[in-house]
Every structure is written in structure tokens, then in C-alpha cells.
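Peer 1: need coordinates for the following:
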Amino acid sequence: MSFTVDITKKLGARGRAHVSSGFRFFPHPNSAFQKNEPKKVSPPPTLKSSPGTSAPATMPRTPDDPASQIPDPNIHSVALDLHQRLSVEELAASNPKIAAQAVPPRSSSLHALEKYAQSQPAGSASPPIKQEPKAVQDPVVLLRFDKYLASGNIWDFWLCHHSIYGKVVLKIVDLRDPPCINPYYDEYIDPFEIVEHALQEEELLMDELKDLQGNLVPRYYGMYLSDALPNLEIPYLAMILEYAGEPLGPGFIDLHEDWRIKVYEAYKAIHTRGVVHNDICSRHVLYDEFGRICLVSFRRSDSVDMKNIMDVHGAVMEAAIVRTRFGFHKPGSLDMSKEVPEYAAQLDDPKKFLDSLQKPKKDGYEESERRE
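Peer 2: Next comes the predicted model:
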């Protein structure tokens, strides 16, 4: 579903994209979100009765009644073809270039229909024309920019109001001049790969993390490209997500134990679904007024196989990093076999793997306890 930008000039000067009111955005052709959206169709129009002398539908027909004669079985396809051609010819009046591509070479459809009509007795009923449902045109959707939130490595983040989805966050980048264009930066991304990065993130949101949307992951509303400029450049790429609250960070934060457990459980949920985040940061953990925790920013994330012992080990290591960042645990002080035993559930030998995670002991005491 396309949308149109609504932004004040003062706000439009913020950030790095410099969007203006009136810009239209259309669904990216490769977006999985658009492919999964149910298509809306309108019911076929009610057919009006023919102004002939045919009998009512409830009246018995006789062999001599012209209306009871069986029409040519090809008449429906002939009539539908004529209907489509007439629709295209109406389009030609408003846009000859588009119509020229849409109109097929003129066939004998119209001649066949006229010949059929002439062959019918006077006063016979016209056969009903089968009409396919027509797609409903998208309503005009406005995206009102309310507040500039932050700048990331690729994206600018805006708080917006979508006329259908409500309060949302828009991620937008100017493809003509992306901020990550300097190859000497550690966070350099080839400008030609930005769309690929976005599609990879979308794939995770629409696949492994789909059942977490609206709970531990914001609802995802699709990826979009802006109107082309006169030189055929596509200036902007955008993604829309549900507004899920404010970030916990930046930096280290001292969380109450209840909140620590919420963060641990959120990461455990994505890990057990086969996703490693790869960018553990307090800015990527959101909270709202209802006490809900949401994880965001899956651009660097990887899909992993929780039946593969090396992939499971990587997920365990990330779970340990989460506990050092948000729980201030010392590296090496955690017994991860007790923290995340669920991670080994799909392995061939879960017990052996969990035993390998236990801290080494010496003389009945753990090494860390002896050092203390």
C-alpha cells in the first residue's frame, strides 16, 4: 500500500534525508510483506435485467421459448474479451502511452459477438456476462512526520503517524548519498548493498521472528521506494515498523532484576527461533509504558541452525554477552548450562553439550571461587 509524505518544512530540514511533503512511496517489488498482504477485491457488480421480453427466471421454459435456447459456450469468453478491450480503450483516452502497451492486437471478438447477437431470435434474453472481481484501489494514505528520533549507521529514524497503522517508526535513507559511503569507516557498507541489507532484515522479521511481532519484536509494515525523480533516480528507501517505546540506552544501565529477566527472556526467544542478533546494545532494547520489552535493529543478525552444535554455541555466547551488558556479570562467572538449557533441546546429545558449558572445577571448588 503506497503512502504520501506529510511533513513541515522545519521538520524536513532535520536528519540526512531531507524529505518533502507530497513525496509518494510505493511498496518495494521484492518486499515479502507486500506478498503476504491479503488482496482486497470488490464483489462483482449486480447484473441488471435485459430490457427484452424474456420470461422471469421462476417461470417454466418451453422448447419453443427463445430464452430457453442454449447459447454458444464461447460467448462468455468473447464478451469478457470485449469488456476488457473497452476498459483499455477508456484508459487510452486519458493516457495513450500506457494504453498502447496494454491493448492487444484487435481480434475478431467484437465481430464474433455481433454475429452471435444477429443469430438469436428477436426478443431472446441476453446471456449473462461473467465478470471477474476487480481489485479495489488503495485509499490515499498519509504518513505524517511528527518527530526526528535519531541517526543510525544507515537509517534516519522518524516518529510518524500512519493513517492506517497509527503510531509508527519510519526508517529512511537517501540512496543517492548514504551516510555509510566512506570505505575507511569500520561501519562502511557498499551503497549498492543497502537494499540487500534491508531485504535480509525483512526476511528475518517475516520468517523466524514473525510470531514475535507485536510482542518481543515490533510489528513490521513493509519496505518502500519513493517516487522516481525526472532523471529516473529513486532517491529514498524506507521501512515502517510499529512504535514500540523508548530505548533503554545508550551506554551501560543498571536494571532492576525484574527488567533484567525480561531482557534475558527476549533474547532467549529470538535465539531459540534461530536468530543471533550480533549487535547487543542498550539502544536496541525498547520499553513502553506497559512494561513491554522489544528488540530492534536486526540488520547485522544471522539466521542459525539450532540443530548445529557450533551455531548453538554461538547463541549461548551471545546470551552470556547479554548478561554481562545488562546484568553486570563478570565474563567467565556464569554457568550457561543452567542459564539457557533450552538452547540444547534440538541437539543430538543435549546433556553432553550442557556439560561442556559448565565451569571447570578443581578439588571440588570452582576456579573462580579459589581465586577469590
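Peer 1: where in this structure is pLDDT low?
Peer 2: Applying pLDDT under 70 to the chain flags residues 35-139, 186, 359-372.
Peer 1: which residues in it form strands?
Peer 2: Applying DSSP state E to the chain gives strands spanning 3-6, 24-27, 142-151, 156-162, 166-174, 220-226, 236-242, 246-247, 275-276, 285-287, 293-295, 302-303, 361-362, 365-366.
Peer 1: possible to save the ones you listed as CSV with distance to D311 and mean neighbour count?
Peer 2: All C-beta spots, glycine's among them, are computed from the backbone N, C-alpha and C. Formatted as CSV, the strands of the chain follow (distance: least, C-beta to C-beta, whole Å; neighbours: other C-beta atoms under 10 Å):
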stretch, distance to D311, mean neighbour count
strand 3-6, 38, 20
strand 24-27, 33, 18
strand 142-151, 32, 16
strand 156-162, 31, 20
strand 166-174, 28, 20
strand 220-226, 24, 22
strand 236-242, 27, 22
strand 246-247, 28, 15
strand 275-276, 8, 24
strand 285-287, 23, 21
strand 293-295, 19, 23
strand 302-303, 9, 15
strand 361-362, 27, 10
strand 365-366, 28, 13
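Peer 1: mind checking those strands for the one nearest to V195?
Peer 2: Between V195 and the strands of the chain, the tightest spacing by C-beta to C-beta is seen for strand 236-242, at 6.2 Å.
Peer 1: give me the contact list for that closest one.
Peer 2: The contact list for strand 236-242 (C-beta atoms under 8 Å, 6 or more residues apart in numbering) reads 17, 19, 23, 25, 28, 143, 155, 160, 162, 165, 167-175, 194-195, 198, 201-202, 213-214, 218-226, 296.
Peer 1: paired strands for it, with orientation please.
Peer 2: strand 166-174 (antiparallel), strand 220-226 (antiparallel) (DSSP bridges).
Peer 1: quick one, it and strand 142-151 angle?
Peer 2: Counting by axes from the mean of the first three to the mean of the last three C-alpha atoms, to 10 degrees, strand 236-242 lies at 90 degrees to strand 142-151.
Peer 1: got the CA positions of strand 236-242 in PDB?
Peer 2: C-alpha atoms of strand 236-242 as PDB (Å, rounded to 0.1, in the frame of the first residue of the first chain):
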ATOM      1  CA  TYR A 236      14.700   7.100  -0.900                       C
ATOM      2  CA  LEU A 237      14.300   3.600   0.600                       C
ATOM      3  CA  ALA A 238      12.200   3.300   3.700                       C
ATOM      4  CA  MET A 239      10.900   0.700   6.200                       C
ATOM      5  CA  ILE A 240       7.900   1.100   8.600                       C
ATOM      6  CA  LEU A 241       7.600  -0.600  12.000                       C
ATOM      7  CA  GLU A 242       5.300  -0.300  14.900                       C
END
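Peer 1: thought C180 was touching Y188?
Peer 2: Yes - the pair C180 / Y188 is scored as a contact, 5.9 Å apart, by C-beta atoms under 8 Å.
Peer 1: so which of these two has more stuff around it?
Peer 2: A count of neighbours by other C-beta atoms under 10 Å puts C180 above the other of C180 and Y188, at 19 against 12.
Peer 1: measure the more buried one to I154 for me?
Peer 2: 6 Å (C-beta to C-beta, to the nearest Å).
Peer 1: mutual contacts of the two, please.
Peer 2: With contacts taken as C-beta under 8 Å, 6+ apart, C180 and I154 have 189, 194 as neighbours in common.
Peer 1: quick one, helices of the stretch 151-300 of the chain?
Peer 2: 194-206, 257-272 (DSSP state H, counting those that start in this stretch).
Peer 1: A319 is nearest to which of these?
Peer 2: Between the helices of the stretch 151-300 of the chain, helix 257-272 lies closest to A319; by C-beta to C-beta that is 6.2 Å.
Peer 1: what packs against the closest one?
Peer 2: Under the contact criterion of 3 or more C-beta pairs under 8 Å, 6 or more residues apart in numbering; DSSP states H and E, the helices and strands touching helix 257-272 comprise strand 285-287, strand 293-295, helix 309-326.
Peer 1: 7 Å instead, please
Peer 2: strand 293-295, helix 309-326 (3 or more C-beta pairs under 7 Å, 6 or more residues apart in numbering; DSSP states H and E).
Peer 1: quick check: which of these has the most neighbours on average?
Peer 2: For the helices and strands packed on helix 257-272, the largest average neighbour count (mean count of other C-beta atoms under 10 Å) is found in strand 293-295, namely a mean of 23.
Peer 1: from L354, how far off is S151?
Peer 2: Note on S151: its distance to L354, by C-beta to C-beta, is 42 Å.
Peer 1: what about the spatially closest residue to L229 that is not a sequence neighbour, neighbour count?
Peer 2: Using C-beta to C-beta, 6 or more residues apart in numbering and skipping the chain neighbours, the partner closest in space to L229 is P235 (6.1 Å). Counted with other C-beta under 10 Å, residues neighbouring P235 total 18.
Peer 1: who are the contact partners of P235?
Peer 2: By C-beta atoms under 7 Å, 6 or more residues apart in numbering, the residues touching P235 are 174-176, 226, 229.
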